[in-house]
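A.B. asks: Fold the following, please.
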Amino acid sequence: MTYGKQGNILYLECYSGISGDMTVGALLDLGADRRILEEKLRSLPVEGFKIEISRVKKSGLEACDFRVILDREHENHDHDNEYLYGHRHEHHEHIHEGEHGQHDHDEHLHGKGGHTHEHRGLPEITSIIHNSGITERAKAIATDIFTVLAEAEAKAHGTTMEEVHFHEVGAVDSIVDIVAVAICLDNLNIAEVIVPELYEGTGTVRCQHGIIPVPVPAVVNIVEKHGISLHMTGTQAELVTPTGAAIVAAVRTSSQLPARYKIKQIGMGAGKRDYGRPSILRGMLIEPEAEETDCIYKLESNIDDCTGEALGYVMERLLEAGARDVHYTPVYMKKNRPAYQINVICSGEMVPKMEEIIFRETTTIGIRRMKMERTVLRRKLRNINTSLGDAKVKVCEIGGNVRAYPEYESVAAICREKKMAYQEVWEKVFCEAGDIVMHEGQSHE
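C.D. replies: Numbering: from 1, shown residues only. Now for the predicted structure:
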């Protein structure tokens, strides 16, 4: 989700589900620039829509309502509850395959006014995105969301991503919703998105293909593919739309909230459908506290019959596979045999992969595993412009103070380019980077 950019952390609280318009509303309420959104949406090479942004009340709570208004050529049933759920009150003969089923199919394709909808595929939608005036980062986000949708729809209909044609998703309002989400995420400088789970309803819903179960097939395919947790509720409605699920799948960077965090801003996005419960998506810009306690795993094994070349190679493999750190310690084993103890630091989910590499690449037949708590400083990697050129530094916070530590590879590159001593370059980058981040911190106060 970072797309090469450091920035804010967004937490989406999906207790009432999620859809495209709810997400746009929450992001606007969080402070996304309305003027920029309107300007960028006007650059879309798509006709037949206008947007309306207002404040509404949902169960007494004020929220931002983002609405895409279509002309008669492009209108559909997306927020028409009678169309979506009216079949529950109909007799069985009105929903079986045949004349009425075909009528439902044609009506959805042509809209209430009998007009034809464009059936756009992924290439056509990608072209629309890339021919617009939105930023490159926003284009990447929007393309990622549509790619997730194309994959899910292709699987549901037994075709390929290139051949699948969107109906609801390819409609003008869905294109505008997704592009608007991308514009707002970029405008808010969102680099991380946390979504623990999606709350979904049950029952059935009417779509272009007829009556289908909730969660709808596209949503099921998305959550299965991307490991998203569903929390099923007793609400007889579709709370998670394919667009909403695709947004989460494309931009989510974590399902875990920090142990402790501060809320910087709250935004409420209003949904259109009425389920007898408030249809609201709450978004929060959060900031983890400087010090966090989390858990890591340490794997270790004593090896006395493996060559130095093999040990060097296994270290490379482990680091490439995602180990946090790998090091060797000389030890003496039974019968005074000299040996090495391999030590690997990794996250819990990486333990199986690390152990597989150690067993495959060394002669060991046993690995000790220890779960450890640790306290870490909040940190981020930044590119700082110094008098010697650009240098990467690790910026850490402790007790309200900020420290900047130069990264080895960046310092080494400057040394080679400038023919300077490592210690000299490190000291200069350290001092200048420290001055820069300190000045930035003071300017924000």
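A.B. asks: Can you give me the pLDDT of the closest residue to Leu30 other than its chain neighbours?
C.D. replies: In space, and not counting its chain neighbours, Leu30 is closest to Gly267: 3.4 Å by Cβ to Cβ, 6 or more residues apart in numbering. (Each C-beta comes from the backbone N, C-alpha and C, glycine too.) pLDDT recorded at Gly267 is 98.
A.B. asks: ok, Gly267 to Leu70 distance?
C.D. replies: Between Gly267 and Leu70 the computed distance is 25 Å (Cβ to Cβ, to the nearest Å).
A.B. asks: quick one: which of those two has more around it?
C.D. replies: Gly267 (24 against 17; other Cβ atoms under 10 Å).
A.B. asks: need the helices for the stretch 301-445 of the chain, in chain order.
C.D. replies: 308-320, 351-361, 408-418, 422-443 (DSSP state H, counting those that start in this stretch).
A.B. asks: So which of these is nearest Arg374?
C.D. replies: Arg374 lies closest, by Cβ to Cβ, to one member of the helices of the stretch 301-445 of the chain: helix 351-361, at 15.6 Å.
A.B. asks: Met161: which element?
C.D. replies: For Met161, there is no helix or strand it lies in under DSSP states H and E.
A.B. asks: Kindly list the main-chain dihedrals of it?
C.D. replies: phi -60, psi -30 (degrees, to the nearest 10).
A.B. asks: Provide a list of residues in contact with it.
C.D. replies: The contact partners of Met161, by Cβ atoms under 8 Å, 6 or more residues apart in numbering, come to Leu122, Thr147, Ala150, Glu151, Ala154.
A.B. asks: would you turn the residues you listed into a markdown table with neighbour count?
C.D. replies: Output for the contacts of Met161, formatted as a markdown table (neighbours: other Cβ atoms under 10 Å):
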| residue | neighbour count |
| --- | --- |
| Leu122 | 24 |
| Thr147 | 17 |
| Ala150 | 24 |
| Glu151 | 21 |
| Ala154 | 18 |
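A.B. asks: Please flag which of these sit within helices.
C.D. replies: By the criterion of DSSP state H, membership of the contacts of Met161 in helices covers Leu122, Thr147, Ala150, Glu151, Ala154.
A.B. asks: from these, which is closest to Val411?
C.D. replies: Distance ranking of these against Val411, using Cβ to Cβ, places Thr147 first at 38.2 Å.
A.B. asks: give the contact list for the closest one.
C.D. replies: Leu122, Met161, Ala250 are the contacts of Thr147 under Cβ under 8 Å, 6+ apart.
A.B. asks: Just the pLDDT at it, thanks.
C.D. replies: 94.
A.B. asks: State the distance from it to Glu136.
C.D. replies: 16 Å.
A.B. asks: Which strands or helices does the longest strand along the chain pack on?
C.D. replies: In the chain, assigned by DSSP state E, the strand with the most residues is strand 291-303. Counting by 3 or more Cβ pairs under 8 Å, 6 or more residues apart in numbering; DSSP states H and E, the packing neighbours recorded for strand 291-303 are strand 338-346, helix 351-361, strand 368-377.
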